[in-house]
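Asker: I'd like to go over a predicted model; first the sequence, then the structure.
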Amino acid sequence: MTATIEHANDVYPTRLDGGYGVLPRHDQVVWGTTEDGPMDQQSLESYDENGYLAIPELITPEEVDELRAERQRLCNDPSILNDERTIVETASQEVRSIFEVHKISDVIARLAADPRVAGRARQVLGSDVYIHQSRINFKPGFGGGDFAWHSDFETWHAEDGLPRMRTVSISISLTDNHSYNGPLMIMPGTHRSYVSCGGTTPEDNYKASLMMQGAGVPDTKTLTKMADTYGIDVLAGAAGSAVMFDCNCMHGSNGNITPYPRSNVFLVFNSVENTAVEPFSATKPRPTFIGARDFTPVG
């Protein structure tokens with residue numbers, strides 16, 4: 001780990017010999033006001049309290065159709081399928097995720113810069129924003145894999161070097177998300193408690209973690225206590241709807257054994273006042289297709 005002043009004063013330590021622990025959050029959740037974007041006071045207060053906000057009909061059915069066609073184009077492009085940015089399911093060899101899609105798709109780049117999307121991110125974070133990560137996630141019917149419970153911030157802090165909690169994800173549904181085809185699940189309110197994880201970060205951990213996350217996953221005792229305390233919200237919604245959620249929300253999703261596929265465009269916005277430094281618990285940053293080092297504002 002590279003020693004820096006920020007690291008010496010790290011308020012979110014993780015992957016230490018001391019094992020797992022729950023620490024308080026030291027950063028505010030909502031940085032902007034109603035004057036800074038499209039969301040009203042009630043929406044901002046709900047996001048602040050729960051750590052997430054469901055947004056019905058964020059984009060139109062026509063835009064959903066365009067994005068689905070773009071998703072298919074990307075999946076049919078051999079140069080993309082053979083690229084390190086594409087992750088496939090171990091068992092089925094079907095595409096699980098394609099990363100950095102805002103760089104390889106003009107359609108998704110326009111979506112990311114759209115005021116309905118980037119405007120909400122700027123409003124919550126109270127500053128200009130850049131894209132830290134983007135991807136299309138696929139969860140095909142009859143075998144789409146699960147995503148273990150985790151806080152994104154733990155990994156982005158440990159392996160990408162994001163210093164503080166000033167990052168928001170916006171997940172836009174390209175298919176209907178039912179309660180039974182592996183939708184996003186969030187423990188509301190967990191964004192205010194940081195889970196410091198045990199263990200160390202393996203070399204090139206991202207190669208394994210993009211398939212099945214190991215390092216940076218909370219222990220079952222902590223997860224059980226959080227679920228008992230906060231409950232679990234299952235975020236179903238129609239195609240075109242979206243969920244925006246704080247970087248420290250505890251979240252995950254089940255596998256999909258139904259006939260009904262699920263996919264979404266996932267955009268991660270970080271404040272330009274919170275740009276990445278050296279990783280806090282890894283020997284080097286992850287590749288830029290997972291954690292950007294280009295901090296150019298979007299939108």
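Answerer: Arrived safely.

Asker: Show me what the helix or strand Gly119 falls within is packed against.
Answerer: Using DSSP states H and E, the element containing Gly119 is helix 118-125. On a contact count with 3 or more Cβ pairs under 8 Å, 6 or more residues apart in numbering; DSSP states H and E, helix 118-125 meets helix 41-50, strand 129-139, strand 167-173, strand 242-246, strand 262-271. C-beta: built from backbone N, CA, C; applies to glycine.

Asker: List the contacts of it.
Answerer: 29-33, 36-39, 44, 47, 55, 112, 128-129, 166-168, 170, 244, 269-271, 298-299 (Cβ atoms under 8 Å, 6 or more residues apart in numbering).

Asker: Stretch 17-31 too?
Answerer: By Cβ under 8 Å, 6+ apart, stretch 17-31 touches 11-13, 44, 47-48, 51, 124-127, 164-166, 191-198, 218-219, 221-222, 246, 248, 271.

Asker: buried residues in that stretch?
Answerer: For stretch 17-31, burial by neighbour count (16 or more other Cβ atoms under 10 Å) applies to Arg25, Asp27, Val29, Val30, Trp31.

Asker: Under the pLDDT cut-off, which ranges of the stretch 151-299 of the chain? List them.
Answerer: 210-214 (pLDDT under 70).

Asker: Break down it into its helices, ranges please.
Answerer: Under the criterion DSSP state H, counting those that start in this stretch, the stretch 151-299 of the chain contains helices at 152-155, 206-209, 220-230.

Asker: Could you export the longest one as CSV, CA atoms only?
Answerer: Same thing as helix 220-230. Included here for helix 220-230 are C-alpha records, laid out as CSV according to Å, rounded to 0.1, in the frame of the first residue of the first chain:
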residue,chain,number,x,y,z
THR,A,220,-22.5,-13.4,7.9
LYS,A,221,-22.7,-12.3,11.6
THR,A,222,-22.6,-8.6,10.6
LEU,A,223,-25.0,-9.1,7.6
THR,A,224,-27.5,-10.9,9.8
LYS,A,225,-27.4,-8.1,12.4
MET,A,226,-27.9,-5.5,9.7
ALA,A,227,-30.8,-7.4,8.1
ASP,A,228,-32.5,-7.7,11.5
THR,A,229,-32.0,-4.0,12.2
TYR,A,230,-32.8,-2.5,8.9
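
Asker: Contacts only, for Ala109.
Answerer: His102, Lys103.

Asker: From Val234, how far out is the nearest residue to Thr296 once chain neighbours are set aside?
Answerer: Excluding the flanking residues, the one nearest Thr296 by Cβ to Cβ, 6 or more residues apart in numbering is Tyr130, at 5.8 Å. Using Cβ to Cβ, to the nearest Å, Tyr130 is found at 31 Å from Val234.

Asker: For the two, indicate the residue with more neighbours.
Answerer: Neighbours were counted for Tyr130 and for Val234 using other Cβ atoms under 10 Å; Tyr130 has more, 20 against 14.

Asker: Identify the bridge partners of the more buried one.
Answerer: Asn270 (DSSP bridges).

Asker: Same question for the one 4 residues further on.
Answerer: For Ser134, the beta-bridge partners are Leu267 (DSSP bridges).

Asker: give the contact list for it.
Answerer: Ser134 neighbours (Cβ under 8 Å, 6+ apart): Phe99, Glu100, Val101, His102, Lys103, Ile108, Ala112, Val265, Phe266, Leu267, Val268.

Asker: of all these, which comes closest to Pro61?
Answerer: Val265 (15.2 Å; Cβ to Cβ).

Asker: Once you drop chain neighbours, what's closest to the closest one?
Answerer: Ile172 is the one closest to Val265 (Cβ to Cβ, 6+ apart), at 4.7 Å.

Asker: sorry, back to before: want to try JSON lines for the buried residues of stretch 17-31, with distance to Ile136, pLDDT and secondary structure as columns?
Answerer: Below are those laid out as JSON lines (distance: Cβ to Cβ, whole Å; pLDDT from 0 to 100; DSSP: H, G, I helix; E, B strand; the rest coil):
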{"residue": "Arg25", "distance to Ile136": "30", "pLDDT": "97", "secondary structure": "coil"}
{"residue": "Asp27", "distance to Ile136": "29", "pLDDT": "97", "secondary structure": "coil"}
{"residue": "Val29", "distance to Ile136": "27", "pLDDT": "98", "secondary structure": "coil"}
{"residue": "Val30", "distance to Ile136": "28", "pLDDT": "98", "secondary structure": "coil"}
{"residue": "Trp31", "distance to Ile136": "28", "pLDDT": "98", "secondary structure": "coil"}
